[in-house]
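> Got a sequence here, can you build the structure:
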Amino acid sequence: MTDNPQQGGQDHGGRQFSDEELQDLVASTDSGARAPTNRAVAMLIAGLALAWSLFQLWIAQPQLWFADVFPALNSSQTRPIHLTFAILLAFLAYPALKSSPRDRVPLTDWILMAVGGFCAFYVFLFSDHLAMTARSGLPTQFQVIIGAVGLLILLEASRRALGPALTIVGALFLLYAYMGTGWLIPELIEHEGLSFTALINAQWLDTAGVFGIPLGVSTAFVFLFVLFGSLLDKAGAGNYFIKLAFAGLGHLRGGPAKAAVVGSAMTGLISGSSIANVVTTGTFTIPLMKRVGFTSEQAGSVEVASSVNGQIMPPVMGAAAFLMVEFIGISYVEVIKHAFIPAVISYIALVYIVHLEALKKNMPALGQAKSFSGMILKFFIGFAVAGAGFTALIYSVGALKSVAPGLSGPIMMLVLAAVYLWLLAIAARRPDLEVDDPSDPNIKLPTVGEVYATGLHYILPIIVLVWFLMVERQSPAKSAFYATALMLLIIITQRPLKAIMRGEGARMAEEFRNGWHDLIDGLIAGARNMIGIGVATAAAGIIVATVTKTPIGTELAGLVEQLSGGSLIIMLILVGLFSLILGMGLPTTANYIVVSSLMANVVVSLGAQEGLIVPLIAAHLFVFYFGIMADVTPPVGLASFAAAAVSGGDPIKTGFTAFFYSLRTVALPFLFIFNPTLILYGVDLGTASGVAHAAFVFVVATFAMLLFAAATQGYFLARSRIWESAALLLVAFTLFVPNVWLNMVQSPFHNIPPAEFEQVLADLPEGSRIRLEIAGPDFNTGQTASTTLVMDAHGATAQERIDNSGLMLFPEGDVVKLDEPMFGTPTAEKLANFDFYADEPVQLASVLVPQDRLPAQVFYIPALLLLGLVILMQRRRQTVPAF
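The predicted structure is shown next:
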């Protein structure tokens, strides 16, 4: 999509950005802005990118067909090769400065490329030697020099590919790890400092720092998904998704903006970059939004809000989903389960915000207007039909496996091939989709019937991806490989097969060559889009290693607590602000690594201190949501600047308007911290009651988010008065977290004296949960601290249940003292900050047993009555239909 000749929008008297300038904007942030005129150098860059893609496909294929000829590489060998390619391409593709030449590669860049590539490749070449020396704590002087030079060159590559943000943060963390103390370092996180040798060993030579989990995820998972998206876009899926969105929504009031939201959601499935998403869809959607009445800033803001939201949308989530699997230790399916509802209701609310803007300005539709409510009904019918079809497919394949387990694989491949040919035959009966010019005054919006059949075969690789991830429960790497393999087949064969089906057999050889060129271009583009991510995940490893080697990881919670004065809501706001600041200027993947490494455990520990048990996945989603908001928020707001370049609007004003449109994305993390049911935490989707519960949560949360959007936009059925907006906010809050009101009326727990703990524990049903408040001296400060611990009652007797929890209890009269928990248990990790050897004992302060009380949903009744009052008042002033 991004290589099609289009013109960006412009204001009257404003700047006009050509397609080439917009592509340069994307290239400078995503794939490198240098385009050498020397053919040999250009071929070298393309050849390295192509080799990188082929290498990643080679190590990803799960059958290891080459194992008899070549040894299979382990992760400690593939990661350095991955980083070697990233560094080589970073210095070839990214100029050092804006004033640096783009038509050639200066000598200094050749030197940096060669030295940096060698430092990374050294870790692969001498991995066995490193295992016996550096990784055993005995690095040689030469290895230390290699590591030090490699770190410096990596930080420079990060600066070129991503801007100064990550380089500065990484350098500060290196200084902090080395120095330990200083006038800028708070006393709470001071440490004695690492020696230079220990620092370099931990950061470059070991398997934890630069070559740790973040780079491992980039090597194993992220590259394949970025490559998959690049091939899908090169095949024509990007234009298909945008056309489909406009066909379905363009005829509505404010339709171009609604189509921008849905189109960005669909391209978000195949794009790991919010900036590329803005420019890809924005060059078409922003001019059309301006045509129907949106200002330049509003049009740009809608595109920014919807493009950035693509990063929170499963199944890829800007590759953060795969990092969550590694960092949290839960399955990929669990991550998707928890992330799905917030992402979907956020997009639904954005469509509604756009609809309200159209109502406020009485915007016309492009062409003959259609019903918004009718569109919603069709969407839900289509969603239900697709869900029923996918369910039927699951049962059919299950039956096939039970009847003919040995033949199920070949049969499924034949059926897939037959379906592909059938869908391609349907597409061949219609002309290929052309890219429209949004500045054409006579633009004709397509209908769904004209568009949908032309690209149904693009859905097959996505179905394969989701099938292996969600149904077969395969690893993300294996799932992405199978989906990418199908995409490789499609991109090569779709052109010649269409030519045959259209009776144009004479053009088959030419179309085959065109398909082959599309494949090569897609492989090269995928690798170039990975340069920044590869460098970013390596540089972010510096932060991860520093967090594990110094007290900052464990003591940051205390620092936030001091700043907040002990108020939980202020703590969460501070964590959100820190995540926002840490995420500035970073791509989604690096953004998540940085903010989750520093802030996710802070949310969990601070919540426990205040008696709020926060699931770890909720904490990770909390900081992730705030981290990606950095792409929206001035002064950095890269996506807002990209949208302003397309719209001709003011970038700062665009950023603030986009932030206002994204308030729902800011509010959601707070809501699922206080009500984890919103992320389906504790909901079993394997039972009918669990599915019904999930459906109920989805419906209520969607309704609540629409009311929140109406309140923040100041328009519901008519323009809202202040008290009406406040009432709508109150109703939305009640629907989201009714348990807050219930906790004010009825305590959720019954407080039991610690001395009666064992008796109460013995009487609890198997699997019950109780909360234990633990108090004692803090290991670092010596001051009395407290935390809340959740204990599951597993075992036949009270003592067996205590042993299973890892707790070591010593009752003394009315006091129950604690010794250090059993090593290796979750309890030991959660109580690690207590000093069990101080004079003051760590003790069980109280035992909280859940008690029966009213259902929280009883508070929906007054909330809905208040909503009815607002509707009654606004109906009298309503001048246009609400939908």
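
> Quick one: the strands in the chain, in order.
749-752, 769-777, 784-792, 808-812, 815-819, 842-850 (DSSP state E).

> Same list (these) but as CSV, adding distance to T537, mean neighbour count and mean pLDDT.
Yep, even glycine has a C-beta here, placed from its N, CA and C like the rest. Converted to CSV, the strands of the chain look like this (distance: least, CB to CB, whole Å; neighbours: other CB atoms under 10 Å; pLDDT from 0 to 100):
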stretch, distance to T537, mean neighbour count, mean pLDDT
strand 749-752, 43, 14, 86
strand 769-777, 37, 19, 87
strand 784-792, 33, 17, 84
strand 808-812, 40, 13, 86
strand 815-819, 40, 17, 87
strand 842-850, 39, 19, 87
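
> Output those as JSON lines; include the columns distance to V302.
Putting the strands of the chain into JSON lines (distance: least, CB to CB, whole Å) gives the following:
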{"stretch": "strand 749-752", "distance to V302": "45"}
{"stretch": "strand 769-777", "distance to V302": "44"}
{"stretch": "strand 784-792", "distance to V302": "42"}
{"stretch": "strand 808-812", "distance to V302": "57"}
{"stretch": "strand 815-819", "distance to V302": "55"}
{"stretch": "strand 842-850", "distance to V302": "45"}
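
> then stretch 700-720 to PDB, C-alphas only?
C-alpha atoms of stretch 700-720 as PDB (Å, rounded to 0.1, in the frame of the first residue of the first chain):
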ATOM      1  CA  VAL A 700     -21.800  -4.900  29.700                       C
ATOM      2  CA  ALA A 701     -18.300  -3.600  29.100                       C
ATOM      3  CA  THR A 702     -19.100  -2.500  25.600                       C
ATOM      4  CA  PHE A 703     -22.200  -0.700  26.800                       C
ATOM      5  CA  ALA A 704     -20.300   1.000  29.600                       C
ATOM      6  CA  MET A 705     -17.500   2.100  27.200                       C
ATOM      7  CA  LEU A 706     -20.000   3.600  24.800                       C
ATOM      8  CA  LEU A 707     -21.400   5.600  27.700                       C
ATOM      9  CA  PHE A 708     -17.900   6.700  28.700                       C
ATOM     10  CA  ALA A 709     -17.200   7.800  25.100                       C
ATOM     11  CA  ALA A 710     -20.500   9.800  25.100                       C
ATOM     12  CA  ALA A 711     -19.600  11.400  28.400                       C
ATOM     13  CA  THR A 712     -16.100  12.500  27.300                       C
ATOM     14  CA  GLN A 713     -17.400  13.800  23.900                       C
ATOM     15  CA  GLY A 714     -20.100  15.800  25.500                       C
ATOM     16  CA  TYR A 715     -22.800  14.400  23.200                       C
ATOM     17  CA  PHE A 716     -25.200  11.500  23.700                       C
ATOM     18  CA  LEU A 717     -28.600  11.900  22.100                       C
ATOM     19  CA  ALA A 718     -28.000  15.700  22.100                       C
ATOM     20  CA  ARG A 719     -25.300  18.000  23.400                       C
ATOM     21  CA  SER A 720     -24.800  17.100  27.000                       C
END
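
> In it, which residues are buried?
Using 16 or more other CB atoms under 10 Å as the test for burial, stretch 700-720 gives 700-713, 715-720.

> now, which of these lie within helices?
With helices taken from DSSP state H, the overlap with the buried residues of stretch 700-720 comprises 700-713.

> any idea which of these is the one closest to E297?
Of all those, the one with the least separation from E297 (CB to CB) is Q713, at 15.5 Å.

> Let's see the pLDDT reported for the closest one.
Q713 carries a pLDDT score of 89 in this model.

> same deal with S31?
Note for S31: predicted pLDDT of 61.

> Please apply the same query to A202.
Per-residue confidence at A202 stands at 92 (pLDDT).

> what sits against it?
When contacts are counted by CB atoms under 8 Å, 6 or more residues apart in numbering, A202 touches A177, L194, A208, G209, A545, K549.

> Most neighbours among those residues, which one?
Within these, most neighbours by other CB atoms under 10 Å means G209, with 27 neighbours.

> Tell me who's in contact with it.
G209 touches A202, Q203, G541, I542, V544, A545, counting by CB under 8 Å, 6+ apart.

> and this structure, what are its domains?
Segmentation of the chain into domains, based on automatic domain parsing, reads 374-403, 552-745, 749-852.

> pretty sure L574 contacts S564?
Yes - between L574 and S564 there is a contact under CB atoms under 8 Å: 5.7 Å.

> The domains of the chain: which one's closest to F223?
F223 lies closest, by CB to CB, to one member of these: domain 552-745, at 10.9 Å.

> Now do the closest one: distance from first to last residue.
One end of domain 552-745 sits 39 Å from the other (CA to CA, to the nearest Å).

> chain center to that domain: distance?
Distance, stretch centre to chain centre, for domain 552-745: 14 Å (CA atoms, centre = their mean, to the nearest Å).

> Which stretch among the strands of the chain approaches L184 most closely?
In terms of CB to CB, the element of these nearest to L184 is strand 784-792, at 25.9 Å.
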